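Engineer: Sequence and predicted structure are below.
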Amino acid sequence: MAVMSIRQSRASNPPSALGGRQCSQRVVSFARCVLYTLRDDLDGLRLAAPDSPDVWLVFGGRRHRVASPTVYQALFAGPDDLIFREDIPSITMGPELNEGTCLVRPIGSHAIFLVTGRAPPRRYHIPTYESFTDFCFNERAVIDVPALILEAVELGGELTSAFDRARRAPASTEEG
């Protein structure tokens, strides 16, 4: 934590360096400012810090901690494509993916959802197979459930990877 006292400043900077003014004896503290950033450009990636056992899934620009190996296995096939980064703490944090988080598909449908286990649970639609594979989800982990059960879970939005958004974006044209 960055802390600065006027006394320290005065000791290292004589009054002449401070414009000839005398500083008071009170202490001024500056809290460390941590800026969190939404990182839509990382959507679909699994991140880990080199010095931490935590794995984070990024979607909606936020990092979501995968709570346990059980949850990890319910979503992903293995550790392939895990990206090690130092800047993970600067990414805005979203809700944890805790026990009960899984991939589901309504019986008779091709739609697949990520359902979170936290209360209240939410379902996130994965709109394309490309996003599904960009997130490195495990097809064998998808659970078929009656549509009625899934409809009772609040929709939290779409899980679209940054790569899929870029692929689907209309090509820009230059006017000359």
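Structural biologist: Ah, there it is.

Engineer: how about the strands of the chain, start to end?
Structural biologist: Using DSSP state E, the strands of the chain run over residues 46-48, 55-59, 62-66, 82-84, 102-106, 112-115, 122-126, 143-145, 154-158.

Engineer: Out of those strands, which gets nearest to E96?
Structural biologist: strand 62-66 (4.8 Å; Cβ to Cβ). Any C-beta I mention is one placed from the backbone N, CA and C, and that applies to glycine too.

Engineer: how far out from the middle of the chain is that closest one?
Structural biologist: Relative to the chain's own centre, strand 62-66 is displaced by 4 Å; criterion: Cα atoms, centre = their mean, to the nearest Å.

Engineer: can you list contacts of it?
Structural biologist: 38-39, 46-47, 54-58, 72, 75, 88, 91-97 (Cβ atoms under 8 Å, 6 or more residues apart in numbering).

Engineer: which among the residues you listed end up buried?
Structural biologist: Among those, those buried by neighbour count (16 or more other Cβ atoms under 10 Å) are 39, 46-47, 55-58, 72, 75, 88, 91, 94, 96-97.

Engineer: circling back to that earlier point, what would the strands of the chain look like in a markdown table with distance to D164 and mean pLDDT?
Structural biologist: Formatted as a markdown table, the strands of the chain follow (distance: least, Cβ to Cβ, whole Å; pLDDT from 0 to 100):
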| stretch | distance to D164 | mean pLDDT |
| --- | --- | --- |
| strand 46-48 | 16 | 96 |
| strand 55-59 | 12 | 97 |
| strand 62-66 | 17 | 97 |
| strand 82-84 | 17 | 93 |
| strand 102-106 | 17 | 97 |
| strand 112-115 | 14 | 98 |
| strand 122-126 | 10 | 96 |
| strand 143-145 | 23 | 97 |
| strand 154-158 | 10 | 94 |
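
Engineer: Nearest the geometric middle of this structure, what residue?
Structural biologist: Ranked by distance to the mean C-alpha position of the chain (Cα atoms, centre = their mean), the top residue is R63 at 1.3 Å.

Engineer: Bridged to it, which residues?
Structural biologist: On the basis of DSSP bridges, R63 is bridged to V58, M93.

Engineer: Check which residues of stretch 68-81 are buried.
Structural biologist: For stretch 68-81, burial by neighbour count (16+ other Cβ under 10 Å) applies to 71-72, 74-76.
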